[in-house]
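Student: Output the structure for:
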Amino acid sequence: MARMVDIRSKPDVPRRAVASGTIRLRPRTVAAIRARRVAKGDPIAAAEVAGLQAIKSTWQTLPHCHPIPLTSAAVEFELGKDRVMCTATVEATYKTGVEMEALYGVSVALLTVWDMVKSLEKDARGQYPVARIEGVRVVSKAKG
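Tutor: Coordinates of the predicted model:
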């Protein structure tokens, strides 16, 4: 039987979660992102918006998550030589935590980067020998 956990008796408490993850790419793809030479537009700007949208709609995708009245959310990026790192920070004062929102935001943001640069990442057979999303995890969470 699938059901949401009953949280009625839990008090509203300030909560914060930080999640991160990485997409590995060819160095020339990262160079194209830096130079703003990606055919679909700016992957970082698009991924920031996509990540924020994901954070706000986590409960609509993950069936056991509660809709949470968020008080703050941010999605940030750092470009390395052969990768894009993403960090999402989510805050709320509520009865349950915001880890899933942070994880979902990072995941969707990194998928958005992949979608926008996939033409630069495909090999001659249409495969992605380098591109991979890795290390998506909760970096920290706080309650109270």
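
Student: check contacts around the residue nearest the centre of the chain.
Tutor: Closest to where the C-alpha atoms of the chain average out (CA atoms, centre = their mean) is residue 106, at 1.2 Å. Taking CB atoms under 8 Å, 6 or more residues apart in numbering, we find residue 106 in contact with 19, 20, 21, 51, 75, 86, 87, 88, 136. Heads up, the C-betas are built off the backbone N, CA and C, glycines and all.

Student: Kindly report the same for residue 28.
Tutor: residue 120.

Student: mean confidence score for stretch 25-42?
Tutor: The pLDDT scores in stretch 25-42 average 98.

Student: chain center to that stretch, what's the gap?
Tutor: Counting by CA atoms, centre = their mean, to the nearest Å, stretch 25-42 is centred 19 Å from the centre of its parent chain.

Student: Restricting to C-alpha, output that stretch in PDB.
Tutor: What follows is stretch 25-42, C-alpha atoms only, in PDB (Å, rounded to 0.1, in the frame of the first residue of the first chain):
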ATOM      1  CA  LEU A  25      31.800  16.700 -20.200                       C
ATOM      2  CA  ARG A  26      34.500  17.000 -22.900                       C
ATOM      3  CA  PRO A  27      36.800  19.900 -22.200                       C
ATOM      4  CA  ARG A  28      35.800  21.500 -25.500                       C
ATOM      5  CA  THR A  29      32.100  21.300 -24.400                       C
ATOM      6  CA  VAL A  30      32.900  23.200 -21.200                       C
ATOM      7  CA  ALA A  31      34.900  25.700 -23.300                       C
ATOM      8  CA  ALA A  32      31.900  26.200 -25.500                       C
ATOM      9  CA  ILE A  33      29.700  26.900 -22.400                       C
ATOM     10  CA  ARG A  34      32.200  29.500 -21.200                       C
ATOM     11  CA  ALA A  35      32.400  31.100 -24.600                       C
ATOM     12  CA  ARG A  36      28.600  31.100 -25.000                       C
ATOM     13  CA  ARG A  37      28.800  29.000 -28.200                       C
ATOM     14  CA  VAL A  38      26.200  26.400 -27.400                       C
ATOM     15  CA  ALA A  39      23.500  26.200 -30.200                       C
ATOM     16  CA  LYS A  40      20.600  25.900 -27.800                       C
ATOM     17  CA  GLY A  41      21.600  28.900 -25.700                       C
ATOM     18  CA  ASP A  42      23.200  29.300 -22.300                       C
END
